Each structure stands twice: as structure tokens, then as C-alpha cells.
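Undergrad: Please work out how this folds:
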Amino acid sequence: MANNATNTYQQAKHIFETLGLKEDVTLDIPIENVSIFRKHLSEMIKRKKSSNKYATRTLDNTIKIIRIQ
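TA: Predicted coordinates for the structure are as follows:
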């Protein structure tokens, strides 16, 4: 099993399970881990065969996530 040193998997899982349509949330994720977070979120969508779609925007050391579908 892989070691989740960046803690982005748990954050992506929480976003996937709790974020409602047109809701947004801001997370403190370092810039170098944003791509890992996005990968985790997209893999969850594929694995669960979900129609959820998310938009992300990076702001300094935070990332804003909005569920758009």
C-alpha cells in the first residue's frame, strides 16, 4: 500500500463525499501538492463512475474547489 505523505488523498475523499452541487470550499494545500490532489480527486470520480465535475483554482498556498456538476 502506498504511503500518503501529502495527506491529499483524505482531503480529496472528503471533498468527493461531502461537497454538494454549486458548493465551494478552500483547502490549505501547498502548490507542489495541488497536482497530486487533483489526481486523487479524478481517480475517485473514475473509480466510483460518478458524474461529479469539479473546478479548482489555486490561490497562494490554498486551493478553491467548486462542484459544478
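
Undergrad: Regarding Phe16, which helix or strand does it belong to?
TA: helix 8-18 (DSSP states H and E).

Undergrad: Need the contact partners of that helix.
TA: 4, 25, 27, 29, 33, 36-37, 40-41, 44-45, 48, 50, 52, 54, 65 (C-beta atoms under 8 Å, 6 or more residues apart in numbering). Where you see a C-beta, it was placed from the backbone N, CA and C, and this is true even at glycine.

Undergrad: redo that, cut-off 7 Å
TA: Outside helix 8-18, the residues that touch it by C-beta atoms under 7 Å, 6 or more residues apart in numbering are 25, 27, 29, 33, 36-37, 40-41, 44, 65.

Undergrad: Between all of those residues, which two are at the greatest distance?
TA: Using C-beta to C-beta, the two most remote members of these are Val25 and Ile36, lying 17.5 Å apart.

Undergrad: Which one's more surrounded, the two?
TA: Ile36 (18 against 14; other C-beta atoms under 10 Å).

Undergrad: Based on its surroundings, how many neighbours for the closest residue to the more buried one other than its chain neighbours?
TA: Leaving aside its sequence neighbours, Ile36 sits nearest to Thr8 (C-beta to C-beta, 6 or more residues apart in numbering; 4.9 Å). Using other C-beta under 10 Å, Thr8 has 22 neighbouring residues.
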